[in-house]
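J.: Mind folding the following:
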Amino acid sequence: MADTVLVVVDVQNIMFETEGYVPFEGERVVKTIEGLIAAAREHGVPVHYIQHTTRGAGSEFEQDSHNWFIRREIAPKPGDTVSVKHSYDGFWDTDLDAVLKKLGAKKLVFCGLQTECCVDTTVRSALAHGYESVLIGDAHTSYDNGVLTGEQIVAHHNQTLHKRFCRVIMSGDFSF
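T.: Residues are numbered from 1 along each chain as shown. Reported below is the predicted structural model:
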């Protein structure tokens with residue numbers, strides 16, 4: 001799968017350590033992503049991380065702060081690539097498209113957080129940038145928001161994105 005890249009969106013400490021915000025099945029999702037990363041590496045598929053930050057000092061996503069770092073269990077290794085973004089869309093005002101083109105990507109496999117924000121926006125943008133995409137349906141998550149539960153948000157986005165913007169495939173049915 002020389003033309004495939006695994007894209008890990010915003011699996012950062014803050015997403016799991018903010019009081020009052022517990023991602024739906026968050027620890028299971030991290031384990032699933034960990035398995036996807038291991039499988040990608042085993043098959044020679046590049047792993048690309050997207051990491052959210054804000055411009056300027058003092059924000060909760062401040063670059064190089066504890067909150068900003070990618071979870072230790074799935075942290076980038078030498079040879080992996082990382083794009084830093086300042087909006088929900090991983091393509092907007094970043095080097096993501098250039099890095100993917102350099103890697104020879106035609107197909108992107110997505111996982112990460114937050115389903116209805118950065119995952120959704122980046123998956124939709126990938127289509128607009130000409131990529132075929134797969135969203136691993138049990139490897140993204142979100143929080144209860146007062147209207148919907150995290151579980152409902154994930155299910156809704158799996159249904160909404162599938163066949164319109166990407167293919168949604170569960171991790172047990174996916175292979176590189």
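
J.: Report the buried residues of the longest helix seen in the chain.
T.: Longest helix in the chain by number of residues (criterion: DSSP state H): helix 26-42. Neighbour-count burial for helix 26-42 flags Gly26, Val29, Val30, Thr32, Ile33, Leu36, Ile37, Ala39, Ala40, Arg41 (criterion: 16 or more other CB atoms under 10 Å). Every C-beta, even on glycine, is put in place using the N, C-alpha and C of the backbone.

J.: Same question for the nearest residue to the fourth one once chain neighbours are set aside, what's its three-state structure.
T.: Counting by CB to CB, 6 or more residues apart in numbering, Thr32 lies nearest to Ala139, which is 4.5 Å off, once chain neighbours are set aside. Assigned state for Ala139: strand (three-state reduction, DSSP: H, G, I helix; E, B strand; the rest coil).

J.: Can you give me the distance of Ala139 to Asp173?
T.: Distance of Ala139 to Asp173, computed by CB to CB, to the nearest Å: 12 Å.

J.: Including pLDDT and distance to Val47, could the buried residues of helix 26-42 go into JSON lines?
T.: Shown next, in JSON lines, are these (pLDDT from 0 to 100; distance: CB to CB, whole Å):
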{"residue": "Gly26", "pLDDT": "98", "distance to Val47": "20"}
{"residue": "Val29", "pLDDT": "98", "distance to Val47": "16"}
{"residue": "Val30", "pLDDT": "98", "distance to Val47": "15"}
{"residue": "Thr32", "pLDDT": "98", "distance to Val47": "14"}
{"residue": "Ile33", "pLDDT": "98", "distance to Val47": "10"}
{"residue": "Leu36", "pLDDT": "98", "distance to Val47": "9"}
{"residue": "Ile37", "pLDDT": "98", "distance to Val47": "6"}
{"residue": "Ala39", "pLDDT": "98", "distance to Val47": "10"}
{"residue": "Ala40", "pLDDT": "98", "distance to Val47": "5"}
{"residue": "Arg41", "pLDDT": "97", "distance to Val47": "7"}
